[in-house]
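Asks: Dropping the sequence and predicted coords here.
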Amino acid sequence: MVKIIILIVAIIVLFAFMLFSIYKVFIKKQKGYKSSIFISLFLCIALSIFTIYLTVTKTYNKIVNEGDDFIVNVSSKTGDLTGRSATSFGKSTYDGVEKTLKNEAFISDPLKNKGVEMGKILNTNPNTLEIYLIFNKDFNGDILVKIKDMNNQEIGRSKLNLNKKEGEAGYIQFNFSELTTIETQSKIYIE
């Protein structure tokens with residue numbers, strides 16, 4: 001505590017001495033005070049060295065007194081921060097790529113009115129889609145899936161006749177022509 005008080009007093013005295021020297025040289029245009037600016041600069045360097053010395057000795061004493069626990073705690077906190085930062089960066093990157101490359105899917109209003117809801121869509125093969133469909137009403141009919149590329153050109157169709165009861169749900173596989181390649185950023189229309 002005494003060292004800190006000495007440091008604060010020395011900084012205040014140095015600052016006052018430097019202001020006085022600058023005032024005399026630049027405002028009053030008096031000669032002979034340039035050396036006091038150099039003295040102030042020297043004292044500033046000395047105080048910086050003293051501050052570094054205090055910091056190093058305090059850190060050294062903390063390491064010696066607390067031993068390995070201090071190093072383990074610092075390493076643990078550093079690792080924790082690094083891990084959280086890396087995870088956050090990785091997740092943000094993944095989310096950004098997923099948003100950019102994600103296919104858009106649309107279900108028609110007539111199909112919605114028949115109680116059909118769409119869940120997740122899996123692109124298991126280049127020409128196969130597995131669509132999770134939820135049937136909130138009894139359904140008996142055809143479901144047509146169209147795929148358009150990022151230029152809005154149709155690249156494939158698949159049609160299935162389904163007979164489902166109210167409350168049923170699950171993945172339904174739609175197979176397209178072998179020439180159809182479902183690309184990223186495709187649009188999927190379920191009718």
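Replies: That came through, no problem.
Asks: could I get stretch 116-132 in CSV with only the CA atoms?
Replies: Written as CSV, here are the backbone C-alpha positions of stretch 116-132 (Å, rounded to 0.1, in the frame of the first residue of the first chain):
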residue,chain,number,x,y,z
VAL,A,116,-50.7,-31.1,-44.0
GLU,A,117,-47.8,-29.4,-42.3
MET,A,118,-44.1,-29.5,-43.3
GLY,A,119,-41.2,-30.1,-40.9
LYS,A,120,-37.6,-30.7,-41.6
ILE,A,121,-36.3,-31.6,-45.0
LEU,A,122,-33.3,-33.9,-45.4
ASN,A,123,-31.3,-34.0,-48.7
THR,A,124,-30.0,-37.6,-48.3
ASN,A,125,-28.8,-38.1,-51.8
PRO,A,126,-28.3,-35.6,-54.7
ASN,A,127,-31.6,-36.7,-56.2
THR,A,128,-33.6,-37.7,-53.0
LEU,A,129,-35.5,-35.6,-50.5
GLU,A,130,-36.9,-36.9,-47.2
ILE,A,131,-39.6,-34.5,-46.0
TYR,A,132,-41.1,-34.7,-42.5
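Asks: can you list contacts of it?
Replies: For stretch 116-132, the surrounding residues in contact (CB atoms under 8 Å, 6 or more residues apart in numbering) are 103, 105, 107, 133-136, 139, 143, 145, 147, 156, 158, 169-182, 188, 190. The C-beta positions use only the backbone N, C-alpha and C, and glycine is treated the same way.
Asks: can we see that at 6 Å?
Replies: 105, 107, 134, 171-176, 178, 180-182 (CB atoms under 6 Å, 6 or more residues apart in numbering).
Asks: Could you export those as a markdown table, including distance to Asn152 and neighbour count?
Replies: What follows is the contacts of stretch 116-132, written out as a markdown table (distance: CB to CB, whole Å; neighbours: other CB atoms under 10 Å):
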| residue | distance to Asn152 | neighbour count |
| --- | --- | --- |
| Ala105 | 15 | 18 |
| Ile107 | 18 | 18 |
| Ile134 | 28 | 14 |
| Tyr171 | 27 | 14 |
| Ile172 | 25 | 15 |
| Gln173 | 25 | 13 |
| Phe174 | 20 | 21 |
| Asn175 | 23 | 14 |
| Phe176 | 17 | 20 |
| Glu178 | 23 | 9 |
| Thr180 | 16 | 18 |
| Thr181 | 16 | 15 |
| Ile182 | 15 | 20 |
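Asks: Reduced to three states, what does Val145 come out as?
Replies: Recorded secondary structure, Val145: strand (DSSP: H, G, I helix; E, B strand; the rest coil).
Asks: I'd like the next helix or strand past the helix or strand of the chain with the lowest mean pLDDT.
Replies: Between all helices and strands in the chain, the lowest mean by mean pLDDT, DSSP states H and E belongs to helix 68-101, at a mean of 56. Scanning forward in sequence from helix 68-101 by DSSP states H and E, the next helix or strand is strand 104-107.
Asks: Cheers, nothing more for now.
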